[in-house]
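Colleague: predicted model, plus sequence, below.
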Amino acid sequence: MSTPETTHESMHVDPAERAWIRTSIVVLVVFAISVTIAGFMLGIQVPTTEQRVNPQTIQDAPPWSEPGVREIVAGEQYEVYVVAKRFFFEPNAIELPAGAEVTFYVTSTDVQHGFSIRDTNVNFMVIPGEVSKLTTTFDEPGDYPYICTEYCGLGHAVMFGSVTVTP
Ligand code: CUA
């Protein structure tokens, strides 16, 4: 049987060890704050699964029967629907105005693909049966190529398109 005294003794923490425990906690807190700040300032988002869908029938009805750009508020807010297939994107050319808030909805009708737009935070997997969603803003006019980033078959390397951002 241990007395309260011996229990206390067994809990003894060396001052140096205590200092390192505190240092570890401080480092973890600093990391957590850094990741939070970086996430918000750089617009990093965790791509969300917006919706579960049937990949066989998804293109039977709008908006997926006519993928492309939907204007919500002219010059300010847009939605873009993109279908990934072996081995192309529908559409493979997108035009958007600079500075607008753009939400991409992307799905696949066959196998797993990827969707990554150069120089943006848009980069996620495209899975048949799910709609992936991510919002971004193109601040500078120019061409922003997008590519498939998941190996999806022999034509993977030719699976790409381009966003043209106008002033
Ligand atoms: Cu589609 Cu790689």
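Modeller: Arrived safely.
Colleague: the ligand contacts on the chain?
Modeller: Within the chain, the positions near the ligand by C-beta under 6 Å from any ligand atom are A84, H113, C148, E150, Y151, C152, H156, M159. C-betas here are computed from N, CA, C, even on glycine.
Colleague: of all those residues, which two lie farthest apart?
Modeller: A84 and Y151 (13.0 Å; C-beta to C-beta).
Colleague: these two - which one has more neighbours?
Modeller: Each of A84 and Y151 has its neighbours counted (other C-beta atoms under 10 Å); A84 has more, 28 against 12.
Colleague: identify the bridge partners of that one.
Modeller: For A84, the beta-bridge partners are F89, S108 (DSSP bridges).
Colleague: what mean pLDDT does the helix or strand where A32 lies get?
Modeller: Using DSSP states H and E, A32 falls within helix 15-41. In this model, helix 15-41 has a mean pLDDT of 92.
Colleague: the next helix or strand after it - contacts with which helices or strands?
Modeller: Going down the chain from helix 15-41, the next helix or strand is strand 48-52, by DSSP H and E. For strand 48-52, the elements it packs on are strand 130-137, judged by 3 or more C-beta pairs under 8 Å, 6 or more residues apart in numbering; DSSP states H and E.
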